[in-house]
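Chemist: only geometry, no sequence info:
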């Protein structure tokens with residue numbers, strides 16, 4: 001079977017994994033481990049372990065859709081506001097308990113995958129404890145992933161540089177998965193808080209340099225206030241390439257479907273807009289530009305699992 005590595009974090013890669021698991025391929029999900037918000041942040045501060053949130057999302061995405069969904073539903077369950085466990089996800093607490101029992105975060109992930117009957121792999125990009133930091137164009141330093149993701153500062157000021165403090169080293173199994181991949185899928189996801197944190201770890205650029213895999217970037221459908229304000233497709237690609245130290249991507253996948261006007265107005269309230277596909281500029285950063293209807297439009301806009309996975313399999 002072909003080896004497909006999916007790199008990201010947050011809720012972005014969820015639908016990619018959800019679609020790909022239905023094909024006869026070997027999938028490895030590599031996720032960022034520098035989140036510090038919500039339930040994840042509380043557990044990270046209290047126990048000093050890896051933030052479980054993004055790892056949990058990959059576990060749920062890759063769990064089989066057949067059979068009893070109770071365990072899968074439990075992993076997604078979040079305790080209500082009137083509970084002393086308010087804000088916590090059962091899946092996060094479950095992974096924390098498994099970590100305490102098994103002695104390591106990686107063992108906990110593997111045991112959780114066995115419980116959910118997952119045949120594919122979920123790996124942390126690093127097991128080192130580091131904080132995500134952003135230097136803005138005005139020189140101000142923003143510390144912590146959640147403060148970059150949900151800006152308390154002036155979100156109109158662009159991010160000049162992203163870095164980890166202290167530095168973190170790529171997890172050895174994640175390095176090997178990238179080197180031995182046939183295809184690497186990056187994204188979709190928030191550029192500065194879900195995608196680039198993976199790229200920042202020491203050893204990532206070496207893994208990309210040593211792999212023979214083709215690299216495909218699944219472009220976001222919408223921009224994100226405080227991170228990618230008014231970014232065009234070429235802005236996303238240029239920024240990503242500057243961090244992974246490559247001249248061009250093999251593929252960039254862009255959504256070409258029209259977004260519902262009602263949804264556009266809803267996103268405008270969050271100072272977000274559809275990503276403009278500036279194809280002429282984009283050719284400078286990608287060998288192949290794929291424009292396709294990959295959007296699923298409900299109360300939000302996201303990638304359709306069936307459409308995006310079918311397109312990826314054609315690569």
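Modeler: Done, it's in. Predicted, not measured: the structure shown is a model, and the values here were computed from it.

Chemist: Was I right to think residue 115 contacts residue 74?
Modeler: No - using CB atoms under 8 Å as the test, residue 115 is too far from residue 74 to be in contact (10.3 Å). Placement of C-beta: from N, CA and C, glycine included.

Chemist: what about the residue located most distally from the centre of the chain, is that helix, strand or coil?
Modeler: Distance from the centre of the chain peaks at residue 82, with 30.6 Å (CA atoms, centre = their mean). Here residue 82 takes the coil state, with states given by DSSP: H, G, I helix; E, B strand; the rest coil.

Chemist: how about it, phi and psi?
Modeler: Backbone geometry at residue 82, expressed as degrees, to the nearest 10, gives phi -90, psi 10.

Chemist: That one and residue 88: what is the separation?
Modeler: In this view, residue 82 and residue 88 are 13 Å apart by CB to CB, to the nearest Å.

Chemist: same question, residue 29
Modeler: 23 Å.

Chemist: More neighbours: those two, which one.
Modeler: Taking other CB atoms under 10 Å, residue 29 and residue 88 do not tie; residue 29 has more neighbours (30 against 19).

Chemist: Was I right to think the more buried one contacts residue 13?
Modeler: Yes - Residue 29 is within contact range of residue 13, at 6.8 Å (criterion: CB under 8 Å).

Chemist: what is in contact with the two at once?
Modeler: 6, 58, 61 (CB atoms under 8 Å, 6 or more residues apart in numbering).

Chemist: Cross-reference those with the strands and report the matches.
Modeler: residue 6 (DSSP state E).

Chemist: Stretch 12-29: end-to-end distance?
Modeler: End-to-end span of stretch 12-29 (CA to CA, to the nearest Å): 12 Å.

Chemist: whoops, stretch 178-191 was the one
Modeler: 19 Å.

Chemist: likewise stretch 247-258?
Modeler: Note: stretch 247-258 ends 30 Å apart using CA to CA.

Chemist: from the chain's centre, how far out does it sit?
Modeler: Relative to its chain's centre, stretch 247-258 lies at 17 Å (CA atoms, centre = their mean, to the nearest Å).

Chemist: Any buried residues in that stretch, and which?
Modeler: Residues of stretch 247-258 classed as buried by neighbour count (16 or more other CB atoms under 10 Å): 249, 250, 251, 252, 253, 254, 255, 257.

Chemist: and the residues you listed, which two are the farthest apart?
Modeler: Largest separation among the buried residues of stretch 247-258 by CB to CB: 250 and 257, giving 23.2 Å.

Chemist: Let me see the mean pLDDT of stretch 140-151.
Modeler: Mean pLDDT, computed over stretch 140-151, is 95.

Chemist: Same check on stretch 34-47?
Modeler: pLDDT averaged over stretch 34-47 gives 72.

Chemist: again, but for stretch 206-216
Modeler: Averaging pLDDT along stretch 206-216 gives 97.
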